[in-house]
Structure formats: C-alpha cells, structure tokens
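Engineer: Just a sequence and a predicted model for now, questions to come.
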Amino acid sequence: MLRSSWPILLIALLTFNCNPDPEGIRKPNILLFLVDDMGWTDTSVPFADMVTDNNRYFHTPNMQRLRDMGMQFTQAYSSSPVCSPTRTSILTGMNPARSHITNWIPGENNDSTEHTRWGLPPEWKIDGLGPNDVTLPKLLKQAGYVNIHIGKAHFGRAGTPGADPRNLGFDINVGGTDAGHPASYYPPYGAPDNDHHVPGLSKEAAEKLYLNDALTVHAVQLIDSVSAAGKPFFMNMAHYALHTPIQGDTTRLTPYVDTIHNRAQQAYATMVESMDASLGRILDALERDGQLDNTLIVFMSDNGGLATHAGPPTTNYPLAYGKGTNREGGIRVPMLAAWPGRIKPKTKCDVPVIADDFMPTFLSVAGLADQTPPLIDGVDLTPLFFRTGNIKDRALIWHFPHYWASKSIRDQYPGIIGPFSAIRYHRYKLIYDYDRQRAMVFDLQNDVGETNDLMMASAEITTQLMKTLHEYLLQVGAPMPVDKRNGRNIYPHL
C-alpha cells in the first residue's frame, strides 16, 4: 500500500541539484488538469455552436475564467472512448493503436464464442505502461522538472510496476494506483484493503474532506513548495471525478434541487461544480505564488460523458451517445489552454486536436522538442496556442477493438457499442464496425450528431478514408479482432 511519503520526497528533490536555470531563464511550469468522464457540454462554457440545457444548469465559473484567460478548443478529442488508452497516450504521444494499450486496464477479455462473431485481439498490452516505456515525465526530468501526479493514474495493471506512477517518471504520487475509480468520494475513500481505496492522502484530509477537495489541498501544497524552491514542475492533476460512483458533494446540492429532478443528475452536477472549484483553487495558488504567467495550463477530459445505457447522469447533446461508444459523444471532449502573456485571451480554435498531441506539445514548451521520440502520433500544438502557424495536415485515428458490454446491450445499440476503428480527416469521419463488418461516414461539419450516413452517397470519400485507416493499422501493427472461424485478423474493408 502506498503511503503519504511525498513531503519527505519533496524535501529531497528540492535540496538535491537545486541549481538555478542557466542565464536566469525560468523554465515554464506545465499543469494538465485532467477530468474523468466529463462530457462536452458538462459545463457552463458552451463548446457547441449553441447553448444547451447542460450549459444552462452546470456551474463552472473557473472553466469560464480559464476560457477567458486563453484558448478554447471546440474540436478536441480523447485518444479513446475509455480512460486508460487516453491516459497512456498523454504520457507517450502514441495513439492506442500504436501503443497497443487499446482498452481500460485491466480490461479483461470478455469475449466468448457463444456471444460474439469475432474474438478479441489475441495480444494487446493488457499490463499497460512499464518502466521501460519512454514517457513525458522521464524526459522532463532530464531538464530539471519536478514531476507530480495527483489523483487517478490507471496507467498499469495491479501487481505490475506501471501501477505506481513513480515507476513511469513521476517524482511524487498522491492517490494514483491501478484503479480506474475510487471506492468512495467520501472519507476515508474506501477501506484500506479495498482495491479502489485512494491512498497517499494526509490523515487530516482523509478524515474529513470530499475527495476532490482532499486532492486539491495536496496539489496546492505542492505548488507552493515547488514554487518557493524555484523549480519548474509538471503536474498531472487527474481528478477521479466525474467517474462513478456518482456521489455528490452535499455542501453544493441546494442550487440543483429545483432545477434538476433526477437525483443522480443533481449529485453529478455537484461533482462537476466541485471539480471546477478545484480548478479555481489551483489557479489562485499559481497566481499567489507568482507562477501564473509562467505556467501552461491545459484542461481536458479523458473521454466523453457517461451517457449510455446505464441510466446516465448526463447527456452529450448535440453529440450522439457517450463514453465507450464510437460516436462523437464518446470521444469529443472539452479542452482549454491558457498561458497569460503567451496565449491570447478569449480565443477559439476549431482545428481538430487529440490527446496524443500533449507529449510533443509539452516537450516543446519545456524547450525539449529535440527530445521528442520519433515513433509517436501526436504533433506539437504550440503553433495553434501562440497563433504562429498551422499544424500539419493529418487524419485522427481511434482504435477500440473490444467488447465491453453484454450481448444484450450490444444488440440494443448495433453499430454503436462494440469493437470499432474510426478516422477523421477534415470534416469527414468514417467508423468501421467490426461486428457488422460495415462502414459509416458522417459529415461532422453539417451533422455533428451523426444522423446521416453518407457511405453510399460519397464513395470516393469512403474509399480514401478506408484506405488511410487500413494502411495505418497495418503500419503500427495494431491488435485486431480475430475471425474465430479461421484465426485471421479482421481489418477494415469495403
């Protein structure tokens, strides 16, 4: 079990090799504020070209504050419709198809010959990341960064080194394990022997604070300490919220009782507001410590909102469906980026970007662009941040060759829940459904809700997208569904 040993570790880090940066140049801090299962419209900041009901009743003033400080990305994507593949892509710059981490961890194969036509991939990286993987914090450490992980990790399988973020390059870990959700948001966050217990928190926090608040207290303390020592830091502030269990912050419930009738939605709204309050406290700490102007802050969700068959606490309208599906509701997420004095305030960017891009972007910001690994999929987003140019013309890829729901659920949502690959190039998105062995094509510019399948009407577009997707999956050796009749991999085809 992990212990709350980070104060001792921090002292050692800040007293060892604490030389100032050469020529008095301060390296910028990098803060990634990563939310779990937050939908595109689970905020009072509209990301669509319309104001939705969600935008009206969710209360996120600090997201609005961050939006006003910097740039809003209206077409940002997670690397996967589920958590671990996105989180590991952030650390490696590799798309899940390339890294072979294509499902959540542990993501035990739930295929059976009586329930599915195709098997699951015979080999995927079910253990997740390990000590031999090249990761963002490892590279930043070479430049003197203190690397801090707070909250949900979900990078590696239980019992493997990757379950502890410190084996992946983080110097300090508060609360991160192999678990994908907490046992509880209420102290003490589950019994110590519970696999989903949140460890590493101080006794004071674990006795009385809602989990979002407890993690924030530690984040603020660490920002204060590292800032006082004059060291640059990378903080992966990865809240467990808004993942299930849907357990609200009861101190924030009153405003929602009369506006939202569903109790799960009321609780969910307080979780959103509590997460937003955490963002505000962290921004305040950076400002108080004189670090706000020297910190790149990026806000994102690891996948779409929980809006599927499970009695959803939210909706992703105008996007279709949600987490775990191949539609925009599963992968299009809120993203904000701010850096006072560097990123122009109150700007918008409609260029499609993806979580794969964070590793090369953060390395560039740290002055380590030349250390970017060659075999990655992400690109440096700083030309968009600083409005100095465009990024290269490219397609975005998603690859989720897994069955994560029962046959009855899959039958209820044919072509939506199940193994798929997808590609977006400019305005068009192709989804290949391995269960039905057929493709769908949507014009996202005119049909963000993906209601009008253009496959038959746009043969040339369909053919080109399919060719690009097929070639990429072959190139990276992506784990593929297997035809159980002959043991052969199944690739997208017309």
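Structural biologist: The structure has been received and is ready for your questions.
Engineer: Run a quick neighbour tally on Val51.
Structural biologist: Residue crowding around Val51 was assessed by other CB atoms under 10 Å; the count is 11. Any C-beta I mention is one placed from the backbone N, CA and C, and that applies to glycine too.
Engineer: meant to ask about Gln64, not that
Structural biologist: If we define neighbours as other CB under 10 Å, then Gln64 has 15 of them.
Engineer: do Val174 as well
Structural biologist: As a measure of burial, Val174 has 27 neighbours, counting by other CB under 10 Å.
Engineer: from here on, count from 493
Structural biologist: Happy to do that; since the first residue is 493 now, the last one works out to Val666.
Engineer: wait, it sits on Lys644?
Structural biologist: No: with contact defined as CB atoms under 8 Å, Val666 and Lys644 do not form a contacting pair (11.0 Å).
Engineer: Kindly confirm my reading that Phe854 is in a strand.
Structural biologist: No: secondary structure assignment places Phe854 outside any strand; it is helix (DSSP: H, G, I helix; E, B strand; the rest coil).
Engineer: Okay, now the unreliable bits of the stretch 743-892 of the chain?
Structural biologist: 800-804 (pLDDT under 70).
Engineer: again, only this time at 90
Structural biologist: Judged against pLDDT under 90, the low-scoring parts of the stretch 743-892 of the chain cover residues 747, 749-756, 799-807.
Engineer: Just give me the residue closest to the centre of the protein.
Structural biologist: Central residue check for the chain by CA atoms, centre = their mean: the C-alpha nearest the mean position is that of Asp794, 2.1 Å away.
Engineer: Can I get the helix or strand encompassing Asp903 in PDB, CA atoms only?
Structural biologist: Under the criterion of DSSP states H and E, Asp903 resides in helix 899-904. What follows is helix 899-904, C-alpha atoms only, in PDB (Å, rounded to 0.1, in the frame of the first residue of the first chain):
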ATOM      1  CA  LYS A 899     -24.600  -9.100 -25.900                       C
ATOM      2  CA  SER A 900     -28.000  -7.800 -25.000                       C
ATOM      3  CA  ILE A 901     -26.600  -4.200 -24.700                       C
ATOM      4  CA  ARG A 902     -24.700  -4.500 -27.900                       C
ATOM      5  CA  ASP A 903     -27.800  -5.800 -29.700                       C
ATOM      6  CA  GLN A 904     -29.700  -2.800 -28.300                       C
END
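Engineer: List the buried residues in the helix or strand following it.
Structural biologist: Scanning forward in sequence from helix 899-904 by DSSP H and E, the next helix or strand is strand 912-917. Applying a neighbour-count criterion of 16 or more other CB atoms under 10 Å, one finds 912-917 buried in strand 912-917.
Engineer: Could I get the residues you listed in JSON lines, plus columns for distance to Thr736 and pLDDT?
Structural biologist: Rendered in JSON lines, the data for these read as follows (distance: CB to CB, whole Å; pLDDT from 0 to 100):
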{"residue": "Phe912", "distance to Thr736": "23", "pLDDT": "95"}
{"residue": "Ser913", "distance to Thr736": "27", "pLDDT": "98"}
{"residue": "Ala914", "distance to Thr736": "25", "pLDDT": "99"}
{"residue": "Ile915", "distance to Thr736": "30", "pLDDT": "99"}
{"residue": "Arg916", "distance to Thr736": "28", "pLDDT": "99"}
{"residue": "Tyr917", "distance to Thr736": "34", "pLDDT": "98"}
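Engineer: Could you identify the pair within the residues you listed that is furthest apart?
Structural biologist: Maximum pairwise distance in the buried residues of strand 912-917, criterion CB to CB, is 16.6 Å, between Phe912 and Tyr917.
Engineer: Alpha carbons of stretch 741-761, in CSV - could you do that?
Structural biologist: Extracted as CSV, the C-alpha positions of stretch 741-761 are listed here (Å, rounded to 0.1, in the frame of the first residue of the first chain):
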residue,chain,number,x,y,z
ASP,A,741,-20.7,17.0,-2.7
THR,A,742,-23.6,17.5,-0.4
THR,A,743,-22.4,21.0,0.5
ARG,A,744,-23.2,22.1,-3.1
LEU,A,745,-26.5,20.4,-3.6
THR,A,746,-29.1,23.2,-2.8
PRO,A,747,-29.0,25.1,-6.1
TYR,A,748,-29.7,22.0,-8.2
VAL,A,749,-32.6,20.6,-6.3
ASP,A,750,-35.2,22.8,-8.0
THR,A,751,-33.6,22.8,-11.5
ILE,A,752,-32.7,19.1,-11.9
HIS,A,753,-35.2,16.5,-10.9
ASN,A,754,-33.2,13.3,-11.3
ARG,A,755,-31.2,12.7,-8.1
ALA,A,756,-28.3,11.2,-10.0
GLN,A,757,-28.1,14.3,-12.1
GLN,A,758,-28.2,16.5,-9.0
ALA,A,759,-25.3,14.6,-7.5
TYR,A,760,-23.4,14.7,-10.8
ALA,A,761,-23.9,18.5,-11.0
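Engineer: on that earlier part again, for Gly979, state which of the buried residues of strand 912-917 is nearest.
Structural biologist: Comparing these against Gly979 with CB to CB places Ser913 closest, at 19.8 Å.
Engineer: Surely the residue nearest to the centre of the chain touches Val527?
Structural biologist: Yes: using CB under 8 Å, Asp794 is in contact with Val527, at 7.3 Å.
Engineer: Where does the prediction get shaky in the stretch 543-692 of the chain?
Structural biologist: For the stretch 543-692 of the chain, applying pLDDT under 90 flags the ranges 598-615, 683-684.
Engineer: Which residue, other than its chain neighbours, is closest to the residue nearest to the centre of the chain?
Structural biologist: Sequence neighbours aside, Thr578 is the residue nearest to Asp794 in space, at 4.4 Å (criterion: CB to CB, 6 or more residues apart in numbering).
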